[in-house]
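*Asks:* Quick one, structure for this:
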Amino acid sequence: MKRVVIADDSVSARLLLKQMILECLPDIPILEFKSGEAVTKNLAEIKDCWFLLDMNMAPLNGLDTIKLLLDEDIPPHHIAMVTANKSKELKNKLKTLDILCINKAIEPHESEQCVAKLDDFFKLSK
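*Replies:* Numbers count the residues shown, from 1 in each chain. Just a heads-up that it's a prediction; the model follows:
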């Protein structure tokens, strides 16, 4: 069975994202990590997952984590950046890597749009 990996250094962000994922896929197992470094250290056990990564994590940020995942042959359509970082530079970098960028729901009214994008991500990357 497919699983979802969340990597975000914020406990509250992981909790909110987990709730949104479960709206899309109610029975999906979800693995949570505090950093991109923790994801890469556990990669042998989680290669068959969908990856949802925050950008601003230490010591390994989301973009560097994505590059390592791609180097390990994780398909780009199984990776998405879920971030509050709205810089055009980041979005352009993700686009060149063929990685979806989903705006993190910060305000309650943004949750619906985030859930819709997550749902599309899961459907398109099956």
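
*Asks:* Spatially nearest residue to residue 23 (excluding sequence neighbours)?
*Replies:* residue 115 (5.2 Å; Cβ to Cβ, 6 or more residues apart in numbering). In short, each C-beta sits where N, CA and C put it, glycine included.

*Asks:* Figure out the helix or strand that the one you found lives in.
*Replies:* helix 111-124 (DSSP states H and E).

*Asks:* elements contacting that helix?
*Replies:* helix 11-24, strand 50-53, strand 79-83, strand 100-103 (3 or more Cβ pairs under 8 Å, 6 or more residues apart in numbering; DSSP states H and E).

*Asks:* okay, the angle between the longest one and helix 111-124?
*Replies:* Angular relation of helix 11-24 and helix 111-124 on a 0 to 180 degree scale: 60 degrees, by axes from the mean of the first three to the mean of the last three Cα atoms, to 10 degrees.

*Asks:* So what would you say the end-to-end distance of stretch 72-83 is?
*Replies:* Chord length of stretch 72-83, first to last residue, is 23 Å (Cα to Cα, to the nearest Å).

*Asks:* Before we go further, residue 32 is sitting in a strand, right?
*Replies:* Yes - applying DSSP: H, G, I helix; E, B strand; the rest coil, one finds residue 32 inside a strand.
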